Structure formats: C-alpha cells, structure tokens
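next comes the sequence, and after it the predicted model I'd like to discuss.
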Amino acid sequence: MIEHQYDPDRDDDECPPEGPSKSQIKREKLALQALAERLAGLPRVELERLKLSPATWIALDETARIKDFRAMGRHWKRIANLLEKEDMAAVHALMDQAGERERELNARHHALERWRERLIAEGDAALADFIEHCPAVDRQQLRTLIRAAQRDTERGRPDAPRKLFRYLREATETVEG
C-alpha cells in the first residue's frame, strides 16, 4: 500500500477537496432542522406570507399528527431538506420578525411583573407612579387589588397577585393600544 502525502506544490488532481467540510455540512443541516422546528411552531397565518412549495406545506401540516419521538426527528430532517429548496431569505426574515415580536412580549411581561412587585412592596408610593404612567386606570379598583395582593402575598397565596397582574396587563393594553 502506497501512502500519499499532500504536497502543496503539486498541480495534479490529488489536491484536497474544495468546499465545506463534513462537519460544516452537518452543522448547516442541524441548523436547518432547528429552523424547521421553529417554523412549524409559528401560526399558519404568518407562514402563509412565505411562498412555500406544496410539498413543504404538506410536511408542515403533517407535523401535528406525528407523536413518536424518533419519527419526529426524521420529520424535521424531511422539512429541513424541503426548506433548502425554498427562499431562505424570506424564511429568515419571517423568523427574525417572530423573534423580535417574542422579545417585545417578554420585555412587556417582565415590565408588568416589576410593576406588580413594586405595587405590592411599596403600596401607595408606587401607585402614584403607575397612575402617572397609566392615567386612565381605575384608581379605586387598583388600590383594592393591591391591598388584596399584599394580604395574599403575606399568606403565600397566588390568587390576588395574579388578578393584579391581569388588571395591570389590561390597563396598559388600553394605553399602548
């Protein structure tokens, strides 16, 4: 058996292959499979903005039927292979928009949680700041919800703090909307 060593000065056909490595190809395939999972989780209304092929639509629609873990893995590979033939710029743009919307919702949720915690901890002092932030709020109802949340927090009950959170969410939606 003859061993060949790579010589960069040789110009014959024994040069190393050009293009991505096997590892790079595998990373790209796994990224496409993850994208397929995220894409399948989006509402159909958003997906319809993409001009997907009928085969891709069929595969996406089949996702809900598949229950077996191993079959689901093969299914993501199938969708990933179909996605390679699609307009990936549009797919990535849609996923970026969905990610941005999710970040905004998370930020809003965390801001409401901070308001709730502050209102429970500080009481009327924080209430004045919240009313300044959201002047159309029913002050009496909010004050009642804060006091109930303070009592339930001391007792270790989650009911009144949850009601306060829902009220804060509704109140800020009317201001922002």
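Right, received. Where do you want to start?

after the longest helix along the chain comes which helix or strand?
Secondary structure assigned by DSSP state H gives helix 88-122 as the longest helix of the chain. Moving toward the C-terminus from helix 88-122, the next helix or strand (DSSP states H and E) is helix 124-133.

for that following helix, give the mean pLDDT please.
Mean pLDDT, helix 124-133: 87.

on that earlier part again, what comes up buried for the longest helix of the chain?
91, 94, 98, 112, 115-116, 119-120 (16 or more other Cβ atoms under 10 Å). (C-beta placed from N, C-alpha, C; glycine too.)

same for that helix, what does it pack against?
helix 22-40, helix 44-47, helix 124-133, helix 139-155, helix 159-176 (3 or more Cβ pairs under 8 Å, 6 or more residues apart in numbering; DSSP states H and E).

just the angle between that helix and helix 159-176, please?
In terms of direction (axes from the mean of the first three to the mean of the last three Cα atoms, to 10 degrees), helix 88-122 departs from helix 159-176 by 120 degrees.

now the angle from helix 88-122 to helix 139-155?
Using the same axes, to 10 degrees, helix 88-122 lies at 80 degrees relative to helix 139-155.

my guess is Arg49 contacts Val91. True?
No: at 10.3 Å, Arg49 and Val91 do not qualify as touching, with contact defined as Cβ atoms under 8 Å.

still on that earlier bit, between the buried residues of helix 88-122, which is closest to Phe165?
Set against Phe165, the nearest of the buried residues of helix 88-122 by Cβ to Cβ is Arg116 (5.1 Å).

so the closest one is in contact with Leu145, correct?
No: assessed by Cβ under 8 Å, Arg116 is found out of contact with Leu145, at 9.7 Å.
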